[in-house]
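Q: all I have is the shape, not the residue letters:
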DNA sequence: GTTGACTATAACTGATATGTTATATAACAA
DNA sequence: TTGTTATATAACATATCAGTTATAGTCAAC
């Protein structure tokens, strides 16, 4: 596992991204985020539409918080949650690299095809 | 688990996203994608920099392929891999919703602050 | 101060993920 | 044919995840 840390760009950043992507990999957690997109909600409000117990939701929220995807404030006995941009920004920064590579690959293919057309080559 | 399928938007799409986000949650797989951003590589070429056996890499590649993040062609006994946009597009579509919500929340906070300044309220 | 609502945590279970070694398959090379 | 290279798959061990129930802590309301 030593060399791996050299290959992958620094285990600290990697841990952040691991947490964010892992948090997003669960449909319940994505549904929670979609819900929070409409505004702040408490734990019980978030739990209500799911066929799941409150402790399960609490843990999902913890995962989302650790991933920097939500933040919570204290309001009496309630803990209203709202979206945070830290997590999504980390994800976006990483995805930007992939998107750029895909565009470049596409352009490369594009120019290859253009060359073939110019030279009257058979595209089939 | 029945109601959950109603809350989360359709289990088919969810499965796609699950696969893509789960694939991205592993640092080894992200490193493989980063490598492929520079162009096509075979399984052994991809395996080389990692302190991991070839079967492990083969399975990571299968996960990436199922998530629509890479595609493979056959070239003799080799299986060169390259990036695919299907996976990242699915991810991007979903993240767009979150990004938009974050911008709206930010604007909302912005206008609240602006109001407070107008009314000479104490921002601290 | 007692009660009830909101939330978090611990302990446990079953499912899934990630790695290993051993082995199979297929193409190439001699 | 025989050996070698490239890759995939099976069988297994271990770790982690996602849910459960039971319980504890905190605040509010009466």
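A: Yep, that arrived. None of these values were measured; they are calculated from a predicted model.

Q: distance check, residue A:28 against chain B.
A: Here residue A:28 is placed at a distance of 7 Å from chain B (C-beta to the nearest C-beta, to the nearest Å). C-betas here are computed from N, CA, C, even on glycine.

Q: and stretch A:57-65, what's buried?
A: A:57, A:60, A:61, A:63, A:64, A:65 (16 or more other C-beta atoms under 10 Å in any protein chain shown).

Q: hmm, it touching DNA strand C?
A: Yes. Using C-beta under 7 Å from any atom of the strand, stretch A:57-65 comes into contact with DNA strand C via A:58, A:59, A:61, A:62.

Q: so which of those are in strands?
A: Judged by DSSP state E, strands contain none of the residues of stretch A:57-65 next to DNA strand C.

Q: from the residues you listed, pick the one nearest residue B:19.
A: Nearest to residue B:19 among the residues of stretch A:57-65 next to DNA strand C: residue A:59, at 22.4 Å, using C-beta to C-beta.

Q: how far away is the closest one from residue A:77?
A: Using C-beta to C-beta, to the nearest Å, residue A:59 is found at 19 Å from residue A:77.

Q: now do residue A:105
A: Counting by C-beta to C-beta, the gap from residue A:105 to residue A:77 is 53 Å.

Q: neighbour-wise, which of these two wins?
A: The neighbour comparison of residue A:105 against residue A:77 (other C-beta atoms under 10 Å in any protein chain shown) goes to residue A:105, with 19 against 6.

Q: the host helix or strand of residue A:18 and DNA strand D, any residue contact?
A: Take DSSP states H and E as the rule and residue A:18 turns out to sit in helix A:11-24. Yes. Helix A:11-24 lies within reach of DNA strand D by C-beta under 7 Å from any atom of the strand, at residue A:22.

Q: which other helices and strands does that helix contact?
A: Secondary-structure packing of helix A:11-24 (3 or more C-beta pairs under 8 Å, 6 or more residues apart in numbering or on different chains; DSSP states H and E): helix A:27-36, helix A:54-66, helix A:85-118, helix B:11-24, helix B:27-36.
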